[in-house]
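Visitor: give me a model of this one.
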Amino acid sequence: MTRICVVGLGKMGLPVAALFASRGHVVVGADINQRTVDLINAGQSPIGNEPGVEEMIATSVAAERLRATTDTAAAAAAADVIIVLVPLLVDPQDAYMPTYGALESALAAIGRGIRPGTLVILETTLPVGDTRKRMGPIIEQASGLRMGQDFHLVFSPERVQSNQVIKNLLHYPKVVGGIDAASTAAAVQFYREGLAIEVHPVASAETAEFSKIAECVYRDVNIALANELAMCAEETGVDISEVIRAANSEPLSHIHQPGLGVGGHCIPVYPYFLINRQSQTRLAQEARLINDGMADHAVAVLREELGTVAGKTVVILGLSYRANVKEATFSSTLLVARALQAAGARVLILDPLFTATEIAQYELEATGPNPREVPPVDAIVVQAMHEAFHALDWRDFAGARVVLDGRNTLDPARVTAAGLRYRAIGRGTQSAPVNVP
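Guide: Residues are numbered from 1 along each chain as shown. Below you'll find the model as predicted:
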């Protein structure tokens, strides 16, 4: 049995804490949010939409294997292993530069409690070099201990998606890179014994840091390629979905799907950890421009259909960045809404996962949740196709003339049967599916 401290009990940290506790380890979670701590200690989950987590918390708290505290130093002092999952926030107004305040405060608190021999694992995504050059020295200064000599220090990136965290933790290989060989070996043993999962050790903390950023850049660039191809498909009048299916029948082709843009904590953000520090990043920079530029493309498509968007009303389905996930961080909806507003349109948001108050926090106007309660609109934009939207009757949207399928998830026939025009990212106005027996 290993005594584990998980620092940061948010959407990523809490499932990690719950999973280790469910495996029989004694886990203390540390977080600065008193409400989060109180809910966990009452056997309740402060986060939703994460299968398995609520049950793990209830069972582990009852068995006295899991508890939470706001005293990070005390939690660190009682731990053999400390896992850090405090978010590294970024400032979109400053080229997405990291804002280290919360993370550095957590590391200083860890330093005030850490004991010699402790293994510290940073799972928070970091720019290359930060584990060794920035985070380790903070712990050293607060503790008087030396990394690599008195405590082990490792970077092991979180590789999970919202609503699938437990599943991902148990099935994705764990990449591990320490500041020295002993640190790497300690972390490899910990994950293999603690979770019985595949572990992929790499040469250094820097290699592990770079691997997470490389994953995100790869996906961002591939999506940007798909979006660029989609816009070319619109010009030529073919269906990009059919093109991608045909192209990907070649085993070496892995084209992603196009859409209104890229949202979430990872892909729109972590490429900037490379762009802002390294020089050879032309492709990564261009991918960011293309994907964020899809919002302007959406406006252009609607302008083709409506003549102008000025004075028009547009309802966007889904504040979420991804279907069936209550998470709006860097959602493409935000970019599309701002682009429409800049062009003079009124924008409404319909998302049953969010309250009107929560939507208003993004300075956006909520409507619905029943389409018949939506004021007359000129156009509908699909950003996140939640399950709740699958049974929509497009005739219920009074005044609507066109549906822009931003995720290529709709049946065009259902839309046109309701008397609306159907447009999608990557489908030209002349394209139509061909049915061959």
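
Visitor: let me see the ranges of the strands in the stretch 1-150 of the chain.
Guide: Using DSSP state E, counting those that start in this stretch, the strands of the stretch 1-150 of the chain run over 3-7, 26-30, 66-69, 81-84, 89-91, 97-99, 119-122.

Visitor: can you put those strands in a markdown table and add mean pLDDT and distance to residue 58?
Guide: Placement of C-beta: from N, CA and C, glycine included. Listed next are these as a markdown table, based on pLDDT from 0 to 100; distance: least, C-beta to C-beta, whole Å:
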| stretch | mean pLDDT | distance to residue 58 |
| --- | --- | --- |
| strand 3-7 | 98 | 17 |
| strand 26-30 | 98 | 14 |
| strand 66-69 | 98 | 10 |
| strand 81-84 | 98 | 21 |
| strand 89-91 | 91 | 30 |
| strand 97-99 | 95 | 35 |
| strand 119-122 | 98 | 26 |
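
Visitor: of the ones you listed, which approaches residue 276 most closely?
Guide: strand 97-99 (6.2 Å; C-beta to C-beta).

Visitor: outside of the closest one, which residues touch it?
Guide: Strand 97-99 has contacts (C-beta atoms under 8 Å, 6 or more residues apart in numbering) with 88-91, 127, 272-273, 276.

Visitor: before we move on, back to that, how about the strands of the stretch 1-150 of the chain, which one is nearest residue 421?
Guide: strand 89-91 (38.3 Å).

Visitor: what are the buried residues along that closest one?
Guide: Neighbour-count burial for strand 89-91, counted by 16 or more other C-beta atoms under 10 Å, picks out residue 90.

Visitor: I'd say residue 202 and residue 208 touch.
Guide: Yes - taking C-beta atoms under 8 Å as the definition, residue 202 is a contact partner of residue 208 at 5.3 Å.

Visitor: so which of those two has more stuff around it?
Guide: residue 208 (27 against 18; other C-beta atoms under 10 Å).

Visitor: tell me who's in contact with that one.
Guide: Neighbour list for residue 208: 154-157, 175-177, 202 [criterion: C-beta under 8 Å, 6+ apart].

Visitor: secondary structure class for it?
Guide: helix (DSSP: H, G, I helix; E, B strand; the rest coil).

Visitor: for it, give me the pLDDT.
Guide: Looking at residue 208, its pLDDT stands at 98.

Visitor: could you check how far it is from residue 96?
Guide: Distance, residue 208 to residue 96, by C-beta to C-beta, to the nearest Å: 21 Å.

Visitor: repeat that for residue 190.
Guide: Distance, residue 190 to residue 96, using C-beta to C-beta: 32 Å.

Visitor: again, but for residue 155
Guide: Here the criterion is C-beta to C-beta. By it, residue 155 lies 20 Å from residue 96.

Visitor: the two: which is more packed in?
Guide: Higher neighbour count among residue 155 and residue 96: residue 155, with 35 against 18, using other C-beta under 10 Å.

Visitor: torsion angles phi and psi at residue 422?
Guide: Backbone geometry at residue 422, expressed as degrees, to the nearest 10, gives phi -110, psi 130.

Visitor: any idea of the pLDDT on residue 305?
Guide: Looking at residue 305, its pLDDT is 96.

Visitor: isn't it right up against residue 423?
Guide: Yes - the pair residue 305 and residue 423 qualifies as a contact (C-beta under 8 Å) at a distance of 6.4 Å.

Visitor: before we move on, the earlier item: show me the one of the strands of the stretch 1-150 of the chain that comes nearest residue 18.
Guide: strand 66-69 (6.8 Å).

Visitor: tell me where the model's unsure across this structure.
Guide: 429-437 (pLDDT under 70).

Visitor: domain-wise, how is it divided?
Guide: 3-203, 212-291, 292-424 (automatic domain parsing).
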